[in-house]
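Chemist: The sequence and its predicted three-dimensional model are supplied below.
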Amino acid sequence: MNRLSNFLKFSAVFLFTVFVFASLSTAAVFPVPGLEWRWNSTLAEPTYIQVMMSPESADLDGDGIPEVIFISYQHRAWQADGILRALHGADGTEYFNVLDPALRAAPGSDLAVGDIDNDGLPEILAIKQTGEVMCFDNDGTWKWTSKVIVGIRKAVAIADIDNDGVPEVIAGRTVLNNDGSMRWVGTAGSGYDSVVADLDLDGVPEIVSSNAAYRNDGTIYWSAVMGTRHAVANFNKDPFPEVVGVGSQGVYMVAHDGTPIWGPIALPSAAGGIGPPLVADFDGDGLLDIGVAGYDLYTVFNQDGTYKWKAQIHDLSSGGAGATAFDFDGDGASEIVYSDEQFLRIFSGVDGSVLFQTEGPSATLLEQPIVLDVDNDGFAEIVTALNNSDRPNLNTGIEVYGTIQRWPPSRTIWNQYTYHVTNINDNATIPIAEKNNWGVFNDFRAQTYQGIDPVPDLKANGSDVPVTVTAGNLVSVDGGMIPSIYFGDNADWWVWADSIFGSYWYTLSSGWVPSVTPVITYAGPLVPLATRNIFSSSTLPVGAYAVHFDLDMNMNGVMDFPMFSDSVLIDVTP
C-alpha cells in the first residue's frame, strides 16, 4: 500500500477517533488495552528470555510492518552475553536471532535503528558486551565492530551531525563514522544517553552528553552541572530550546548556551532517583511538563521546576526507569506509560491517577516502554520489556498491549533511546538537516499520531496496486504529493518509467525523454501537489512497465538519500 493510502487511512481513523472521544463524557472510562501478543520462549537459546533494556522498532524487512528489536539475556546476567533478536510486529514471531558467541551484546545498553549507509534499509547499532559498538544489517547479518570502546552502559543514537547526507553514530561522548571508524571523542562529560539538537540555531547540531554540549567537531560548546539523562524542548517564547537534565541531585534546566535556569530540584522519592526526563503537555493547558521516575514516586514538574503531582511506584533497584508519553484518548493531554519492578502502568497526565495497570515486572535499569503502531493496523500499541530476576513466578520477554478501534493511530517507528519525532524519518532514513522537534511537536520521548515523511503518490487507472490491461485499452497514470512536515524544503523531484524500450524520464519542458542516466523532473521546494495526469496512452505495446515518483532531500541534481518514493506497476497483455 502506498504512502498516500496510509495517509488517508490515518485521516479516517483519526477522525473516527476524535468523533468517538468527543462523544464521551468526562467521566468515561479510559479505553483499557489488552494483550495483543507475547514473546517469552524460543528454540534459539531458550534460556535467554530476560529483557531489561528499551525495545526499538522499525520496518526491517520492507513489508510495511515494523519489527521489534531488543537484547535478551539469561538468568540475572544483565551485564554481558546478550543476544540481539528481532520479532515481527504483527504477531511476535521471530525474524532473526544473532546467536554467534563472538557477537554477544551488553543487555543493559540500548540500541539504535536507522539507515546509516543510505542503501534504503535500516541498520541496527548495538553495544558489544566488551564495550564496542556493533553494526548489523536489517536481517541481523554482522556488518562491523568499532575499534574504540565506548563502555557497556550506553544508549546509541544516530544523526547526521554535519548535514552531508551521511549519518554518524553517537554513544556518550564518542562519535563514529557510518563505517565504525572513530570521528572524535569528547574531553568532558559522557553520560548514558546522547541528545543531538541544533541548540544555537546556526543550522549545525550539537551533541549533549552528561554535563557538556559538544560542537559537531568535538569541541566543547558549554559545560554545566546538570545530570546525566537529558531531554531538549522549548519551554518559553524565544526560538531557542532548553535542556533538561536529571542526576543524583535532582532535576535541572539550562538554556541553549548552558546558562542555568533552575535546579537542582530534588525528587521527592526516597533516596532520589535518576530516571530520564519525559517532556510533553500532560494536562492539555498548552504548557510543557516534565516527568521523572525515582525509587518510590513518579513525579511531574511544571516547566518552572515546581511540583505538579506525584504517583506511587516501586523501583528500589535502579530508581531510573524511563517513561513514554502519548495522547491515548485524543483529549489533547498526554498520558504517561511507565513500567517498574511490579507493573506496567498508564498514568493520567492531569493528576497521576492510574488509568491502567498490569503485571509487567523488571528489576529495572533505565529501560522505557515505547508506543507505536507496531502491527500497522491503524492503532497505537505499547511495547514493553520484562524480566523476572526479582519475581521469578512472573513473565519475561516482550509484551504488546493495544485496543481495537479505541486508541488513535501513531507512527510505525521508534528507533532509539533519545527518541524525539523528528530524529528519524518514517522510512527509517536519517534526516540530513533534522527539523527542530521543538518547532514542530515540542516534546521528548513522546509519540505522535502522524507520519512525517513527504508522501509522493502514483496511481495507474485509479489504482495503487499492479494493473493489468489488454493492449489497446487506456493506461492513465496520475501523480500527487503531500509534503508533511517537510513543506517548503528544497528537494529533487524525479518521475520516471522502466519500459520495454528502456528508461524514460519526465521533464517539465519536454515531457518524457529516454535516458540511461537520471534526468531531473524538478528541483525546488516541497509543496502540496494536487493529483494530476502525467501519462495517458491507449497504444502501449505488450509488456511490463513501472512508473516511479521519487523525492530526495539533497537538491543537487543527483538521486540520493534520504529518498521518499512511490511506484505503480502496469502489465499490458495481448
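Modeler: That came through, no problem.

Chemist: Put the alpha carbons of stretch 535-543 into CSV.
Modeler: The C-alpha coordinates for stretch 535-543 follow below in CSV (Å, rounded to 0.1, in the frame of the first residue of the first chain):
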residue,chain,number,x,y,z
PHE,A,535,0.7,9.9,-18.7
SER,A,536,-2.1,8.6,-20.8
SER,A,537,-2.0,6.2,-23.7
SER,A,538,-4.0,3.5,-25.5
THR,A,539,-1.1,2.4,-27.6
LEU,A,540,1.3,0.8,-25.2
PRO,A,541,2.9,-2.3,-26.6
VAL,A,542,2.6,-5.6,-24.8
GLY,A,543,5.0,-5.8,-21.9
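
Chemist: how far out from the middle of the chain is it?
Modeler: Centroid separation for stretch 535-543 versus its chain: 42 Å, with C-alpha atoms, centre = their mean, to the nearest Å.

Chemist: what pLDDT, on average, does that stretch get?
Modeler: Summarised as a single mean, pLDDT over stretch 535-543 is 95.

Chemist: what do you get for stretch 148-160?
Modeler: 96.

Chemist: now stretch 473-484
Modeler: Per-residue scores along stretch 473-484 average to 97.

Chemist: Going forward, count from 11.
Modeler: Noted, 11 is the first residue going forward, which turns the last one into stretch 483-494.

Chemist: which residues sit against that stretch?
Modeler: Contacting residues not belonging to stretch 483-494 are listed as 14, 17, 460-472, 477, 479, 499, 505, 536-548, 550, 555, 557, 559, 561, 578, 580, 582 [C-beta atoms under 8 Å, 6 or more residues apart in numbering]. Every C-beta, even on glycine, is put in place using the N, C-alpha and C of the backbone.

Chemist: Three-state assignment for Ile495, please.
Modeler: Secondary structure for Ile495, judged by DSSP: H, G, I helix; E, B strand; the rest coil, is helix.

Chemist: show me the contacts for it.
Modeler: By C-beta under 8 Å, 6+ apart, Ile495 lies in contact with Thr432, Lys445, Val450, Ile462.

Chemist: I am assuming Ile93 contacts Arg114, so please confirm or correct that.
Modeler: Yes - the pair Ile93 / Arg114 is scored as a contact, 6.9 Å apart, by C-beta atoms under 8 Å.

Chemist: which regions of the stretch 11-160 of the chain lie under the pLDDT threshold?
Modeler: When residues are selected by pLDDT under 70, those of the stretch 11-160 of the chain lie in 11-39.

Chemist: If we use 50, what do you get?
Modeler: The stretch 11-160 of the chain contains residues with pLDDT under 50 at 11-37.

Chemist: Show the residue spans covered by the strands in it.
Modeler: Ranges of strands within the stretch 11-160 of the chain are 44-49, 66-68, 77-82, 93-98, 104-108, 122-124, 133-137, 142-146, 152-159, based on DSSP state E, counting those that start in this stretch.

Chemist: thinking again about what came up before, TSV please, covering the contacts of Ile495 and showing pLDDT and neighbour count.
Modeler: Converted to TSV, those look like this (pLDDT from 0 to 100; neighbours: other C-beta atoms under 10 Å):
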residue	pLDDT	neighbour count
Thr432	98	18
Lys445	97	17
Val450	97	14
Ile462	97	19
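
Chemist: May I see the residues you listed organised as a markdown table, with secondary structure added?
Modeler: Formatted as a markdown table, these follow (three-state DSSP):
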| residue | secondary structure |
| --- | --- |
| Thr432 | helix |
| Lys445 | coil |
| Val450 | helix |
| Ile462 | coil |
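
Chemist: And the closest residue to Asp172 other than its chain neighbours, how far from Val160?
Modeler: With C-beta to C-beta, 6 or more residues apart in numbering as the criterion, Asp172 has its nearest non-adjacent residue at 5.6 Å, and that residue is Asn226. Distance of Asn226 to Val160, computed by C-beta to C-beta, to the nearest Å: 18 Å.

Chemist: who's more crowded, the two?
Modeler: Val160 (24 against 21; other C-beta atoms under 10 Å).

Chemist: residues touching that one, list them.
Modeler: Residues in contact with Val160 (C-beta under 8 Å, 6+ apart) are Ile137, Gly141, Glu142, Val143, Ala181, Gly182, Thr184.

Chemist: Number of residues surrounding the nearest residue to Leu186 once chain neighbours are set aside?
Modeler: In this structure, Leu186 finds its nearest non-sequential neighbour in Val179, 4.3 Å apart by C-beta to C-beta, 6+ apart. By the criterion of other C-beta under 10 Å, Val179 has 27 neighbours.

Chemist: What helix or strand is Val179 located in?
Modeler: Counting by DSSP states H and E, the element that carries Val179 is strand 178-181.

Chemist: Next SSE downstream of that strand?
Modeler: Where DSSP H and E defines the elements, the next helix or strand beyond strand 178-181 is strand 184-186.

Chemist: Counting neighbours, which bits of the helix or strand that that following strand is followed by end up buried?
Modeler: Sequence-wise, the next helix or strand downstream of strand 184-186 (DSSP H and E) is strand 192-195. Across strand 192-195, burial judged by 16 or more other C-beta atoms under 10 Å covers Arg193, Trp194.

Chemist: strands paired with strand 192-195, and their directions?
Modeler: Sheet partners assigned to strand 192-195 using DSSP bridges are listed as strand 184-186 (antiparallel).

Chemist: if I pick Gly498, what's in contact with it?
Modeler: Counting by C-beta under 8 Å, 6+ apart, Gly498 touches Pro535, Leu536, Val537.

Chemist: And the first one, how close does it get to Val360?
Modeler: Right, the one you point to is Pro535. Computed as C-beta to C-beta, the Pro535 to Val360 distance reads 40 Å.

Chemist: So between those two, which is more surrounded?
Modeler: Val360 (17 against 13).

Chemist: Surely the residue nearest to Leu186 and Val123 touch.
Modeler: No - Val179 lies out of contact with Val123 (C-beta under 8 Å); the separation is 11.5 Å.

Chemist: and Tyr202, what does it touch?
Modeler: Arg163, Lys164, Ala165, Gly182, Thr238, Arg239, Leu376.
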